[in-house]
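*Asks:* Based on what follows, work out the 3D shape:
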Amino acid sequence: MQEYWELYMKNLEGNVASVQFNAGISMDIEENQYTYPTVAFVKAKLKEPKENGLLSDNEEAEILFMEDKLEASMIKFRIGKYVGRVISDGSVTFIYYIQFTYNWPDFIEFALNEHQSYEITNGHNDDNEWNYYQKLLYPTAKEWQLIQNHKVCDSLKEEGDSLQVPRAIEHKVYFQNDENEKALREALEQDGFKIKEEIKNEDGVKGLDFYRLDKPFYHDINEITLALIDMTELYGAQYDGWETSVVKSVIKA
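*Replies:* Numbering: from 1, shown residues only. Have a look, this model is predicted:
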């Protein structure tokens, strides 16, 4: 299994949730389903969560230590793989997929012997379809886009960009079928976008490269890209992200 972790925020049963998950193993789902057919969890009630139910700075070190102990226990007993963590509503839940359950009690005892002050529950269920991973941890298309938006914005800031200066932001979209291409072009142009060129991806799928003057600030680009996902899906196409140039702030003497 590959290790490639992502962190993002989502709404979970009406509560804000912080989700960290191993995205790398999504490429090996079929093999993982066969090898690790049981989902298991360890849930600890936070002692002093923030008002929104998330992890406070005061408690972070202890929770990370618990996470490390659980990971060490998983390696010691060789029963499965840690796939993600959800912090929400005043609790942290660590999620695993395991091969067998007969030594699960030994795993718990070894991992949590230093954390008796926490209210902790644990359990396991059959999940050979990996529904917990795919439906709880793995982000939707929109959640994935927000993750990517944040990365690009952070990268621009590291280059000295204030993100507040409007500039041409290019977007790409690919058609599942191109029968609605004309209608999508018209919808994009109505929203102020200009078509740059027709494109094709590595598989020969046809698409469009288009742009508009906008600010790439976090909130602004989130609103733009989520609207584009809705629009492109309406016309049977798939949004494929954005890029722009760095615009550094000029400091006047």
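*Asks:* Buried residues in stretch 215-230, which are they?
*Replies:* Across stretch 215-230, burial judged by 16 or more other C-beta atoms under 10 Å covers 215-218, 220-222, 224-226, 228-229. Quick note: C-beta positions are derived from backbone N, CA and C, even for glycine.
*Asks:* what ranges do the helices span in this protein?
*Replies:* In the chain, the segments counted as helices under DSSP state H are 29-35, 57-77, 104-112, 131, 141-158, 181-190, 218-234.
*Asks:* just to revisit the earlier point, out of the buried residues of stretch 215-230, which one sits closest to Ala168?
*Replies:* Of all these, the one sitting nearest Ala168 is Pro216; the distance, using C-beta to C-beta, is 10.3 Å.
*Asks:* what are the phi and psi angles of the closest one?
*Replies:* Pro216 adopts backbone torsions of phi -90, psi 30, taken as degrees, to the nearest 10.
*Asks:* From Glu170, how far off is the closest residue to Tyr8 other than its chain neighbours?
*Replies:* For Tyr8, ignoring the flanking residues on the chain, the nearest one in space by C-beta to C-beta, 6 or more residues apart in numbering is Ile147 at 5.0 Å. In this view, Ile147 and Glu170 are 19 Å apart by C-beta to C-beta, to the nearest Å.
*Asks:* With Asn180 instead?
*Replies:* Distance of Asn180 to Glu170, computed by C-beta to C-beta: 21 Å.
*Asks:* So Asn131 versus Gln33, what's the distance?
*Replies:* In this structure, Asn131 and Gln33 are separated by 10 Å, where distance is defined by C-beta to C-beta.
*Asks:* One more: Ser88?
*Replies:* 26 Å.
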